[in-house]
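Student: here's a sequence, model it:
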Amino acid sequence: MQNVKLLDNEAEAELVEMLSKEVSDIEPIILRCLETIAMYYVHGLNKAGGLEMPSEEELQRAQLVTEYFSGGAKPELMV
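Tutor: Sure thing, here's the model as predicted:
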């Protein structure tokens, strides 16, 4: 992203002030939206039986696959 520099310092200061106010005005709305989305997400997780933690075997398999995609050897589970 490129910074824009206005030749008129007063106009630039006014623009920065206006944009800052715009951001300040919409910030509470965005936060409320995110809180609502999070509430529905958590509700969906709870309705589906809660958050499951992967078993040790699943973690090891994920680690092998991650290593493969990082340039390691292809694990047997992918053959």
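Student: tell me which element residue 30 falls in.
Tutor: When elements are assigned from DSSP states H and E, residue 30 belongs to helix 9-47.
Student: in this structure, where is pLDDT below threshold?
Tutor: Scanning the chain for pLDDT under 70 picks out 1-6.
Student: and residue 60, how many neighbours?
Tutor: 13 (other Cβ atoms under 10 Å). Backbone N, C-alpha and C define where each C-beta goes, glycine included.
Student: so how far is the helix or strand hosting it from its chain's centroid?
Tutor: Per DSSP H and E, residue 60 falls inside helix 56-69. Helix 56-69 has its C-alpha centroid displaced from the chain centroid by 23 Å (Cα atoms, centre = their mean, to the nearest Å).
Student: and the residue nearest the centre of this structure?
Tutor: residue 34 (11.3 Å; Cα atoms, centre = their mean).
Student: I'd like to know how far it sits from residue 28.
Tutor: 11 Å (Cβ to Cβ, to the nearest Å).
Student: same check on residue 45?
Tutor: Taken as Cβ to Cβ, the span from residue 45 to residue 28 is 26 Å.
Student: right, I'll leave it there.
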